[in-house]
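Novice: Fold the following.
(one chain, ligands or ions: 1)
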Amino acid sequence: MTEHPSAAPPGKPTSYSRVTLSRIMTAVDVNLYGTVHGGVLMKFVDDVAGAAAARHSGGPAVTAAIDEIVFSEPVRVGDLVHAYAQVNWTGQTSMEVGVRVTAERWDSADAESVRVATAYLVFVGIDLGGAPLPVRPVLPESAEDERRWREAEIRREHRLAKRRAIQAHRAG
Ligand SMILES: CC(=O)SCCNC(=O)CCNC(=O)[C@H](O)C(C)(C)COP(=O)(O)OP(=O)(O)OC[C@H]1O[C@@H](n2cnc3c(N)ncnc32)[C@H](O)[C@@H]1OP(=O)(O)O
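Specialist: Purely as a prediction, here's the structure:
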């Protein structure tokens, strides 16, 4: 595991990147089963993650990969859905953004929000020509942020190992 560059200027604290996006799901968002389409939620997740990545990097950032997305509960028409994003980890030019999506049920507004999805995305800061740019380090502020940093490193190691294994397999 590499050390996170917590002392390196000019980093930004995790909280600087935090973005929340909220919307009420409507009839145009549904799938054949009458619940909200996974693709609608994926776009919502990509939008909020892109905003967090752009805020952290201070410029344009593109989605390089959606590492993982889990839909844990269905979302219904009328639910008020919130997506919370923050930059968990930074590398040389890439950032991992974590997203938590919750729903306030339209028919039980007093009840606790339900977690409906969790996702991890990789964004890369780019220049005007689309080439990767060095990204400033994110500085974890709490034990929770430190845990997210370490877990992001685990995901990155697995992703790189998987890519290497597939390349080796294809090379015979
Ligand atoms: C918000 C939106 O909707 S954007 C639209 C959808 N996204 C796009 O169109 C992006 C299209 N892709 C691209 O432009 C390019 O592939 C880029 C900019 C993402 C990467 O460019 P590359 O020339 O491959 O860059 P390079 O190989 O130097 O890698 C740059 C960084 O990206 C990371 N990276 C590249 N590909 C991947 C991948 N598939 N998964 C995870 N990380 C990746 C690398 O690990 C590296 O990270 P590091 O610098 O922190 O170590």
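
Novice: In this structure, where is pLDDT below threshold?
Specialist: For the chain, the stretches flagged by pLDDT under 70 are 1-9.

Novice: Enumerate every residue touching A103.
Specialist: Neighbouring residues of A103 by CB atoms under 8 Å, 6 or more residues apart in numbering: E73, V75, R76, D79, L80, V81, H82, S113, V114, V116. From N, CA and C alone the C-beta is placed, and that goes for glycine too.

Novice: Can you select the buried ones among these for me in ChimeraX?
Specialist: Buried members of the contacts of A103, defined by 16 or more other CB atoms under 10 Å, are picked up in ChimeraX with:
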select :75,76,79,81,82,114,116
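
Novice: does P74 sit in a helix, a strand or a coil?
Specialist: Under DSSP: H, G, I helix; E, B strand; the rest coil, the three-state class of P74 is coil.

Novice: Compute the number of surrounding residues for it.
Specialist: By the criterion of other CB atoms under 10 Å, P74 has 15 neighbours.

Novice: got a list of what the residue nearest to it when sequence neighbours are not counted touches?
Specialist: Spatial nearest neighbour of P74, excluding adjacent residues (CB to CB, 6 or more residues apart in numbering): T35 at 4.1 Å. The contact partners of T35, by CB under 8 Å, 6+ apart, come to P74, V75, R76.
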